[in-house]
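Visitor: sequence first, then the predicted structure:
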Amino acid sequence: MTQESFSTSESPPGFQFELVTRACPGCGANDSQPFAEANIDPQALGAFAFASRKLPEYMHHALVVCRNCDLLYANPAPDRKSLEAAYHDAAFDAADESHYAGLTYASYLPRIAAQLTDRKGALDIGTGDGAFLLQLLQHGFTDVVGVEPSAAPVASAKPELRSLIRHAPFRSADFAPESLQLVTCFQTIEHVYDPLSLCREAFALLRPGAALFMVCHNRRALLARALGLKSPIFDVEHLQLFSPKSARALLVRAGFSRVDVHTVVNRYPINYWARLSPIPGALKPTALELLRRSGLGCFALSAPVGNLAVIAYK
Ligand SMILES: [Zn+2]
């Protein structure tokens with residue numbers, strides 16, 4: 001294992017990375033081909049670099065593709081300790097978006113719940129401000145809990161949800177084995193140092209027949225391929241990017257017996273789409289301000305932007 005660190009005197013606390021080389025975090029293979037060189041400007045790394053759904057910055061680590069499972073991953077990548085520090089201090093300004101994302105993902109709950117023996121015990125990993133916990137409660141789940149490592153989204157959670165959120169990184173030791181019917185994990189699996197361990201730990205917490213429901217970016221989606229490295233999925237906070245093949249391989253490797261992969265049709269306000277779009281940097285604030293003032297930005301639009309819903313049953 002080699003280590004290098006990068007930081008600048010201007011880096012806020014928590015943004016000093018130790019970079020470590022690693023095998024494929026999806027399958028453990030050491031057989032990869034280069035995809036893109038690192039493109040990181042340490043000066044531009046602000047507290048928003050690790051916030052959910054912020055303005056894209058087009059920065060990314062050195063990226064390789066696993067020849068075995070099709071996972072695209074950062075190598076070298078920041079180590080676990082650097083990441084925990086970075087996420088603890090990350091900013092949060094995404095309450096609207098998390099509400100809309102929660103509605104989109106909740107549309108899968110009836111079909112998942114139909115496969116479960118009951119709705120007792122649900123855990124949302126990387127819950128942010130807990131928007132999805134409300135959806136779980138509204139769909140009849142009980143004993144609902146969320147974990148979130150960043151302080152800012154937890155602080156902005158509605159009071160009735162705040163008590164359901166643990167402000168901590170996900171640790172399976174905090175939960176009883178085989179105690180849950182559903183584990184959800186949205187737009188989070190790209191961010192964790194060891195996605196296979198997370199899935200294995202989730203598996204251990206689920207009762208037989210229970211489900212893990214993840215949403216992640218699909219790097220092989222049409223939009224991602226059209227935008228190339230200008231796609232917002234290429235981001236310093238994404239340590240791996242999945243395709244249908246690599247997502248399925250991850251869950252099968254973690255022990256799940258049945259894995260369903262769907263294309264998500266996201267429903268978001270127009271100003272959210274505009275924030276993520278590849279409008280040149282100088283023009284984007286003007287465009288966003290126009291949308292805000294006209295009120296046009298508040299209208300919701302549905303589109304398949306290249307997210308995968310991965311539903312795996314134990
Ligand atoms: Zn692999």
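Guide: On my side now, so go ahead.

Visitor: near the ion, which residues of the stretch 51-200 of the chain?
Guide: By the criterion of CB under 5 Å from the ion, the positions of the stretch 51-200 of the chain lying close to the ion are 66, 68, 69, 71. Quick note: C-beta positions are derived from backbone N, CA and C, even for glycine.

Visitor: quick one: which of those residues is most hemmed in?
Guide: Within those, residue 71 tops the neighbour count with 27 neighbours, counted by other CB atoms under 10 Å.

Visitor: contacting residues around that residue?
Guide: For residue 71, the contacting residues are 24, 25, 26, 27, 65, 240, 241, 242, 243, 246, 249, 250, by CB atoms under 8 Å, 6 or more residues apart in numbering.

Visitor: number of residues surrounding the third one?
Guide: Close neighbours of residue 26, defined as other CB under 10 Å, add up to 26.

Visitor: for the residue nearest to it when sequence neighbours are not counted, give me the pLDDT.
Guide: Take residue 26 and drop its neighbours on the chain: the residue closest to it by CB to CB, 6 or more residues apart in numbering is residue 71, 3.9 Å away. Reading off the per-residue confidence, residue 71 sits at a pLDDT of 98.

Visitor: next: residue 40.
Guide: pLDDT recorded at residue 40 is 80.

Visitor: how near is it to the ion?
Guide: The spacing between residue 40 and the ion, counted by CB to the ion, to the nearest Å, is 23 Å.

Visitor: okay but that residue is in contact with residue 62, surely?
Guide: No - with contact defined as CB atoms under 8 Å, residue 40 and residue 62 do not form a contacting pair (9.2 Å).

Visitor: ok so, going back, in strands only, show me the contacts of residue 71.
Guide: Secondary structure defined by DSSP state E assigns 65, 240, 241 of the contacts of residue 71 to strands.

Visitor: ok, the second one - contacts?
Guide: To tie it back to what came earlier, the one meant is residue 240. Under the criterion of CB under 8 Å, 6+ apart, the contact list for residue 240 reads 25, 26, 71, 72, 73, 74, 189, 190, 195.

Visitor: among those residues, which are in strands?
Guide: Helix and strand membership here follows DSSP E; of the contacts of residue 240, those in strands are 72, 73, 74.

Visitor: hang on, the earlier thing: of the residues of the stretch 51-200 of the chain next to the ion, which pair is most distant in space?
Guide: Farthest-apart pair in those is 68 and 71; separation 8.5 Å (CB to CB).

Visitor: where do the contact lists of the two overlap?
Guide: In terms of CB under 8 Å, 6+ apart, residue 68 and residue 71 are both contacted by the residues 24, 27.
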